[in-house]
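In: The following comprises the amino acid sequence and a computationally predicted model.
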Amino acid sequence: MSRLFDDQTQNRIRVEAEAILQIFAHFDIRQWQWITSEIVTLEINQNPNFRQRFQVRSLLNFAHHTVSLGETEIARGEYLELLGIKHFDALHLACAETGNADVFLTTDDRLLRTAKSMDHQMNIQVENPSIWLKEVRSHESTNND
């Protein structure tokens with residue numbers, strides 16, 4: 001979500017932000033469901049930039065479901081940390097798994113590389129929003145032909 005507030009002069013950032021906005025449009029018409037978690041709120045609250053913190057927090061109002069952070073998610077997060085995933089990222093992934101999300105979208109290259117390298121130990125697909133959206137559109141156009 002923070003990608004929407006990053007410097008849009010860089011092509012990659014602009015493309016990813018546009019993809020996120022298009023994904024949000026699907027959430028808005030309830031074609032897709034947005035699952036968030038308590039860990040997202042905790043991480044947003046750590047942002048020292050008040051304006052950005054407020055803007056990102058306001059986006060959470062559009063989420064369809066919020067996963068609570070409980071013992072199961074903490075235990076799974078600790079396991080994912082042992083595999084090399086950073087603390088907050090591990091908790092995000094654990095909550096996404098609990099929420100039965102189809103995909104976990106991130107612009108964090110390190111997280112993408114790590115998650116893809118241990119794909120067999122992940123219970124969720126991890127993908128970049130712009131790449132995932134292209135794949136979805138390609139799949140939809142193939143099915144519509």
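Out: Received the coordinates, thanks.
In: Strands along the chain, start to end?
Out: Applying DSSP state E to the chain gives strands spanning 35-37, 65-67, 103-105, 125-127.
In: In the biggest helix by length in the chain, which residues are buried?
Out: Identified as the longest helix of the chain according to DSSP state H is helix 11-28. Within helix 11-28, the residues scored as buried using 16 or more other CB atoms under 10 Å are 15, 16, 17, 18, 19, 20, 23. Where C-beta positions appear, they are placed from N, C-alpha and C, glycine not excepted.
In: Which residue lies nearest the spatial centre of the chain?
Out: Centroid-nearest residue in the chain: residue 105, 3.5 Å away (criterion: CA atoms, centre = their mean).
In: wait, isn't that one in contact with residue 131?
Out: No: using CB atoms under 8 Å, residue 105 is not in contact with residue 131, being 9.4 Å away.
In: May I have the distance across stretch 115-129, first residue to last?
Out: One end of stretch 115-129 sits 15 Å from the other (CA to CA, to the nearest Å).
In: Helices along this structure, start to end?
Out: Under DSSP H, the chain gives helices at 11-28, 38-45, 50-59, 71-82, 87-98, 109-117, 129-144.
In: Of all those, which one is nearest residue 5?
Out: Closest approach to residue 5 among the helices of the chain is made by helix 50-59 (5.1 Å; CB to CB).
In: Can you show me the CA trace of that closest one as CSV?
Out: Provided in CSV are the C-alpha atoms of helix 50-59 (Å, rounded to 0.1, in the frame of the first residue of the first chain):
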residue,chain,number,x,y,z
PHE,A,50,2.1,11.2,10.0
ARG,A,51,0.6,12.1,6.6
GLN,A,52,1.6,8.9,5.0
ARG,A,53,0.6,6.9,8.1
PHE,A,54,-2.9,8.5,8.0
GLN,A,55,-3.3,7.9,4.2
VAL,A,56,-2.2,4.3,4.3
ARG,A,57,-4.3,3.6,7.5
SER,A,58,-7.4,5.1,5.7
LEU,A,59,-7.0,2.5,2.9
